[in-house]
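J.: Predicted model and sequence follow; I will ask about them next.
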Amino acid sequence: MDKIFPARPPPVSGLGRYRRLSPRAGVHVSPIQLGAMSIGDQWHDSLGSMDKQASFALLDTYFDKGGNFIDTANNYQDGSSERFIGEWAEQRGIRDRLFIATKYSNNWKIREPDTLKTHQILYLGNHSKSLKLSVEQSLKNLRTSYIDLLYVHWWDFQTSIEEMMNALHNLVTQGKVLYLGVSDSPAWAVAQANQYARDHNLTPFVVYQGSWNVMERDFEREIIPMARANGMALAPFNVLAGGKIRTDAEEERRLKSGENGRTVFSDEWRRNDRERAVCAALEKVAAEVGAKHITSVAIAYVLHKTINVFPIIGGRKTEHLIANLEALEITLSDEQVAYLESVVPFDLGFPGNFIGNETHGMVDFMGMNVLERVSQPQPAKPRIHKAAESSN
């Protein structure tokens, strides 16, 4: 049989251990996504940017390590993120080996030199025309005939669920889009949209993207239960808290060198007392599990919380990307997860803090009997990549 089906080579890293995207999406992708917000050369005056050579080097590193899941958006780096990714994939001849996610909703022309700024309203929002204009441009930028995963970037509170889901489904039937996702939207809207899709034989959302990390656990209130109930994957960004997950030594080095840090999600790059306390806890757990980087522990944390989690990790340095792959080899105990969560108090809020959840709720403490529950599905276990280590 080896002559017909040759033996597969061992994965170079954990990125090459592909996982099913979600119960409603059978495609297999890398467990960590490459976030492409920094790829491109137009946001040097704000977020920071990368020239084409540096962008291609980062993309090459991710792909060479086994990665196939890249996340971008129509407006990232004013479109140069999509353009660089498209040119890179075309030059390497690997488009069909990649799973590329992009987004619409944002006005991707907002920074263009244009005297008719007041006439850009049609490029913005979740309506049918914004969708058409954005997807046509993304296909050109990415140099492709299809988008693997298209997100609604954010809930606009203006477009009806009916219009949005019908327009999105039309793109799927045309073969321009394969899967649908939704980002930065309330759980009630996503649940209604997916119910409408089911009721009318339309394409549902199979991924939810939003901000989630060990310091900010809002996902646990409504998003994670909604995703689990709808068979959706989770694609958390801001997993490293806008770059604030760092050691005291690293912060001191940045301060002395003048490098400072990112201010994407905060006006202050330095950590406050709360953030330093969480980082100290991450450092303690890193020592316990033998991890070299506390960022890896922070990534491992979200991977341990629930099923079908695919963190989006960006940045501009290949060495940081490689270091973060350590997260795929870290196993955290329940006690270590609880310890990390104990540093910053978290209130689930009503009704969760009143009626409980699927593992311990009203039925448990108001009933007169002992319940035997069926265990929830658990996240995939990490593996050590000895084969990869011996080949380097």
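T.: Happy to help now that I have it. Residues are numbered from 1 along each chain as shown.
J.: Tell me where the chain has helices.
T.: 52-64, 80-92, 128-142, 161-173, 187-199, 223-229, 248-257, 273-289, 294-305, 318-324, 334-342, 352-355, 362-366, 386-391 (DSSP state H).
J.: so where's the stretch 101-250 of the chain uncertain?
T.: 114-117 (pLDDT under 70).
J.: buried sites along stretch 146-162?
T.: For stretch 146-162, the neighbour count (16 or more other Cβ atoms under 10 Å) marks 146, 147, 148, 149, 150, 151, 152, 153, 154, 155, 159, 161 as buried. (C-beta placed from N, C-alpha, C; glycine too.)
J.: Out of those, the closest to residue 355 would be?
T.: Comparing the buried residues of stretch 146-162 against residue 355 with Cβ to Cβ places residue 155 closest, at 25.9 Å.
J.: What's the separation between the nearest residue to that closest one once chain neighbours are set aside and residue 111?
T.: Closest residue to residue 155 apart from its sequence neighbours, by Cβ to Cβ, 6 or more residues apart in numbering: residue 185 at 3.7 Å. Between residue 185 and residue 111 the computed distance is 24 Å (Cβ to Cβ, to the nearest Å).
J.: Then residue 56?
T.: Counting by Cβ to Cβ - residue 56 and residue 111 are separated by 23 Å.
J.: more crowded one of the two?
T.: Taking other Cβ atoms under 10 Å, residue 56 and residue 111 do not tie; residue 56 has more neighbours (18 against 13).
J.: Might one say that that one is in contact with residue 85?
T.: No - the criterion here is Cβ atoms under 8 Å, and residue 56 misses it with residue 85 at 9.6 Å.
J.: Mind listing the residues bridging to residue 28?
T.: residue 20 (DSSP bridges).
J.: Please tell me I have it right and residue 28 contacts residue 22.
T.: No - assessed by Cβ under 8 Å, residue 28 is found out of contact with residue 22, at 11.0 Å.
J.: what's the overlap in contacts for those two?
T.: Listed as contacting both residue 28 and residue 22 by Cβ atoms under 8 Å, 6 or more residues apart in numbering is no residue at all.
J.: out of the two, which sits in the more crowded spot?
T.: residue 22 (23 against 13).
J.: Surely that one touches residue 207?
T.: Yes - counting by Cβ under 8 Å, residue 22 does reach residue 207; the two are 6.5 Å apart.
J.: what is in contact with the two at once?
T.: By Cβ under 8 Å, 6+ apart, the residues touching both residue 22 and residue 207 are 232, 233.
J.: Closest one of the buried residues of stretch 146-162 to residue 275?
T.: Using Cβ to Cβ, the buried residues of stretch 146-162 come closest to residue 275 at residue 154, 25.6 Å.
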